[in-house]
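Trainee: Have a look at this fold, sequence not included:
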């Protein structure tokens with residue numbers, strides 16, 4: 001029997017196996033359907049678990065390893081099940097003898113067995129997934145440090161963006177710079193954070209000492225070591241860690257390699273975040289991404305303010321919430337101001353106290369509690385960090401303008417020239433360029449903001465935040481020691497009056513130390529005869545925008561130190577001949593003086609230091625009876641003149657300009673209004689050209705003669721390199737503006753009421769002119785294009801152009817213009833903001849394909865003729 005039992009066991013197993021074989025085969029269709037159903041249920045469970053995981057990760061939690069392994073396991077099983085189901089479906093189709101006999105029994109058996117096994121595996125995964133009560137856990141506390149900070153207000157989305165970049169930026173983002181006056185410290189939660197407050201100056205040894213304390217480096221590897229040895233020790237510790245380096249309050253470039261920080265390679269574990277007031281620092285530190293921390297929107301600003309004041313104070317009287325809004329609005333969204341002033345108002349529980357504080361904040365902000373020590377002194381770090389005294393002086397000068405005033409770049413730079421801030425430049429053009437660089441530096445330091453500049457105008461505007469302006473005035477008044485006057489070095493003074501009545505100053509003032517007197521828009525009608533007698537060192541006098549001012553006293557001759565005089569937009573009819581005495585005058589601005597009858601003979605030629613002369617009208621020629629030709633001859637006599645802006649209305653005066661190399665070289669802004677002129681010869685130096693009501697004008701040519709040798713730094717097809725603003729109005733015989741292909745810097749183009757204009761640029765005519773055309777460069781800097789009332793206009797340009805700088809297009813009453821110079825290869829500029837025109841015109845345009853139409857349509861804004869007039 002002992003011998004028989006093993007034989008029976010083997011026989012039993014063979015029988016069991018043989019019995020299962022037909023089951024695997026016979027039930028294959030049903031099992032495949034069951035597997036398919038089970039897998040669908042597992043996939044649904046997988047999606048549920050995955051959504052839970054992603055939701056937890058958005059809350060900055062970390063998925064459990066077991067959950068992560070389960071998700072990957074399900075993904076692997078899904079692929080295997082798909083293969084099995086595909087094979088099963090194929091096997092069923094191969095069956096023979098009805099539904100009983102497969103062609104290959106062995107293959108069907110193996111497949112049936114795999115189906116049942118995989119069903120078991122799927123069932124196990126379903127059970128595991130259903131048991132996940134927790135899918136993620138909070139991130140561990142930073143092993144290097146932990147710092148408690150206040151909750152951010154209004155910046156959650158932005159910091160979420162920072163977090164996303166740091167976690168998932170991969171090879172694109174290794175470092176982030178947060179800059180601006182709207183910066184608030186916040187909690188940044190990472191697996192490991194090294195927080196270093198750098199401050200000023202950026203001292204390598206100081207930063208190394210902070211890292212030594214946080215990294216717990218043994219003292220024997222630190223004390224007595226050189227800077228390089230310490231850097232090597234820091235490097236060896238950090239290169240093995242995955243961490244974020246947070247450099248807080250950084251004001252200048254810090255050499256990370258000297259500190260011992262490993263290179264910021266996106267593939268490595270190191271990430272860096274820095275906070276600074278200046279965008280320049282972000283650039284110097286070569287961060288991958290820079291994010292400006294703007295001032296808070298009103299809702300968030302008021303919420304932050306209320307948290308600092310406290311609910312108990314806010315609710316202590318029904319009038320206080322409204323008063324609190326008034327105080328918060330004075331901060332204009334600046335977080336540091338909201339915090340400082342909010343804390344100062346905490347505990348102020350009567351409306352009368354609030355009203356007194358509001359009055360103080362508006363009229364004497366430096367006296368407000370906490371403003372000097374906690375706000376102005378901290379904001380002044382940005383001022384102290386400016387690279388030179390010129391930029392500092394230019395910044396303080398901007399505080400002379402009223403709150404929320406939009407300051408023209410052109411006007412402020414001309415004032416800086418008059419003040420002598422830009423005296424290192426030997427001509428006006430270089431001074432303008434330096435002035436633009438100063439503005440850029442102040443904007444990068446977040447001390448000036450961009451103003452609202454019209455889309456179709458050349459001039460740009462800037463403005464100063466109200467709180468920054470208060471700080472600048474505090475600095476200018478010697479940190480609050482002087483009152484009401486802008487005090488500069490050696491006790492000299494600057495006075496600014498805006499939108500006020502100057503009647504109270506009609507008595508002769510005594511200003512022995514005044515250098516600047518800005519009295520724009522002060523509603524003055526006249527000055528007393530001795531008003532300008534006691535201003536012995538004045539340099540700048542601005543009387544612009546006083547529309548009622550009709551006369552200047554002859555005592556203006558006493559201002560022999562004057563270097564800048566602006567009488568624009570006044571109603572003065574005659575200028576006193578005594579202006580001849582102003583031998584140091586460098587800038588004379590007489591724009592939009594619609595009532596000016598004439599200029600005294602030999603007055604202009606007597607101004608021996610004059611460099612800038614501006615006398616034009618923005619609404620067309622307005623000067624009556626004065627001798628343009630004589631004025632040009634006097635300007636030509638001036639040795640230092642190099643910046644002329646002027647209107648010309650006669651053929652003889654225009655010819656005088658074209659015949660003078662000196663005048664052409666000096667003329668930057670030119671407006672021609674002459675009905676009988678049929679030809680214009682352009683100077684290579686012109687920057688702004690307006691041609692209006694030149695009804696006989698047939699052509700515009702470029703004067704290459706004499707200029708070619710002097711102005712050879714640009715190729716012939718880029719000879720009008722300075723020209724950036726062109727307006728053509730009511731020139732009925734002009735057929736095209738093909739000469740514009742020689743203006744690669746053109747930014748603003750407006751063509752209106754030219755009834756014969758057929759093409760803006762005529763390709764065929766460019767060949768006749770023998771000018772080599774760089775097609776990609778045509779209109780490459782164009783920002784604004786205006787085309788109105790051009791009934792015969794058929795084409796802007798004969799081929800598609802990229803328009804990389806274009807922001808604004810306006811087309812009105814151009815019925816023959818059926819195609820725009822765009823095609824499917826044109827990439828819509830990220831700067832494009834608006835296309836304005838009549839809806840019927842837009843709907844009737846011909847497109848090379850529909851893609852470009854769909855790309856441009858979101859920018860189109862329909863308009864009616866009456867809306868544009």
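Mentor: Happy to help now that I have it. The shown structure was predicted, so the numbers you read here are calculated from the model rather than taken from an experiment.
Trainee: okay, CA-based contacts and neighbour counts for the rest of this
Mentor: Noted.
Trainee: Show the subsequent helix or strand relative to the helix or strand hosting residue 291.
Mentor: Per DSSP states H and E, residue 291 falls inside strand 289-292. Moving toward the C-terminus from strand 289-292, the next helix or strand (DSSP H and E) is helix 298-309.
Trainee: Past that next one, which element shows up next along the chain?
Mentor: Sequence-wise, the next helix or strand downstream of helix 298-309 (DSSP H and E) is helix 311-314.
Trainee: hmm, who's touching that next one?
Mentor: Residues outside helix 311-314 that contact it (C-alpha atoms under 8 Å, 6 or more residues apart in numbering) are 306, 320, 321, 324, 346, 347, 348, 349.
Trainee: Leaving out chain neighbours, which residue sits closest to residue 662?
Mentor: residue 636 (6.7 Å; C-alpha to C-alpha, 6 or more residues apart in numbering).
Trainee: okay, now that neighbour: neighbour count?
Mentor: Neighbour count of residue 636, defined by other C-alpha atoms under 10 Å: 20.
Trainee: helix, strand or coil for it?
Mentor: Residue 636 falls in the helix class when you classify it by DSSP: H, G, I helix; E, B strand; the rest coil.
Trainee: Helices along the stretch 251-400 of the chain, start to end?
Mentor: In order along the chain, the stretch 251-400 of the chain carries the following helices (DSSP state H, counting those that start in this stretch): 256-259, 279-284, 298-309, 311-314, 320-330, 335-345, 351-363, 377-384, 389-398.
Trainee: Out of these, which is closest to residue 82?
Mentor: Nearest of these to residue 82, taken as C-alpha to C-alpha: helix 279-284 at 51.6 Å.
Trainee: can you give me the strands in the stretch 501-650 of the chain?
Mentor: Ranges of strands in the stretch 501-650 of the chain, per DSSP state E, counting those that start in this stretch, are 514-520, 540-542, 564-566, 587-589, 612-615, 643-648.
Trainee: would JSON lines of those strands with distance to residue 528 and mean neighbour count be doable?
Mentor: Below are these laid out as JSON lines (distance: least, C-alpha to C-alpha, whole Å; neighbours: other C-alpha atoms under 10 Å):
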{"stretch": "strand 514-520", "distance to residue 528": "15", "mean neighbour count": "22"}
{"stretch": "strand 540-542", "distance to residue 528": "16", "mean neighbour count": "23"}
{"stretch": "strand 564-566", "distance to residue 528": "18", "mean neighbour count": "23"}
{"stretch": "strand 587-589", "distance to residue 528": "22", "mean neighbour count": "23"}
{"stretch": "strand 612-615", "distance to residue 528": "26", "mean neighbour count": "22"}
{"stretch": "strand 643-648", "distance to residue 528": "31", "mean neighbour count": "22"}
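Trainee: would CSV of those strands with distance to residue 830 be doable?
Mentor: Shown next, in CSV, are these (distance: least, C-alpha to C-alpha, whole Å):
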stretch, distance to residue 830
strand 514-520, 39
strand 540-542, 40
strand 564-566, 39
strand 587-589, 38
strand 612-615, 36
strand 643-648, 34
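Trainee: Of all those strands, which one is nearest residue 627?
Mentor: Here strand 643-648 is closest among these (C-alpha to C-alpha), at 10.1 Å.
Trainee: quick one on the thing from earlier: and the contacts of helix 311-314, which of them are buried?
Mentor: Among those, those classed as buried by 16 or more other C-alpha atoms under 10 Å are 306, 320, 321, 324, 346, 348, 349.
Trainee: and which of those residues is nearest residue 688?
Mentor: residue 324 (48.9 Å).
Trainee: if I look at the closest one, how far off is residue 297?
Mentor: 16 Å (C-alpha to C-alpha, to the nearest Å).
Trainee: And the one helix or strand residue 245 maps to, what does it pack against?
Mentor: Assigned by DSSP H and E, residue 245 falls within strand 244-250. Judged by 3 or more C-alpha pairs under 8 Å, 6 or more residues apart in numbering; DSSP states H and E, the packing partners of strand 244-250 are strand 193-199, strand 271-276.
Trainee: Could you check how far it is from the centre of its chain?
Mentor: The chain centroid and the centroid of strand 244-250 are separated by 24 Å, computed with C-alpha atoms, centre = their mean, to the nearest Å.
Trainee: when you compare where that strand runs with where strand 271-276 runs, what's the angle?
Mentor: With axes from the mean of the first three to the mean of the last three C-alpha atoms, to 10 degrees defining the directions, strand 244-250 sits at 10 degrees from strand 271-276.
Trainee: Can you give me the first-to-last residue distance of stretch 780-796?
Mentor: 14 Å.
Trainee: ok so residue 819 is a strand residue?
Mentor: No. Looking at residue 819 with three-state DSSP, it is coil, so not inside a strand.
Trainee: close enough to count as contact, it and residue 846?
Mentor: Yes. Between residue 819 and residue 846 there is a contact under C-alpha atoms under 8 Å: 5.3 Å.
Trainee: Let me have the buried ones among the contacts of helix 311-314 in a markdown table, adding pLDDT and distance to residue 723 as columns.
Mentor: A markdown table is the format used below for these (pLDDT from 0 to 100; distance: C-alpha to C-alpha, whole Å):
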| residue | pLDDT | distance to residue 723 |
| --- | --- | --- |
| 306 | 91 | 53 |
| 320 | 93 | 57 |
| 321 | 92 | 55 |
| 324 | 92 | 51 |
| 346 | 89 | 57 |
| 348 | 89 | 59 |
| 349 | 91 | 61 |
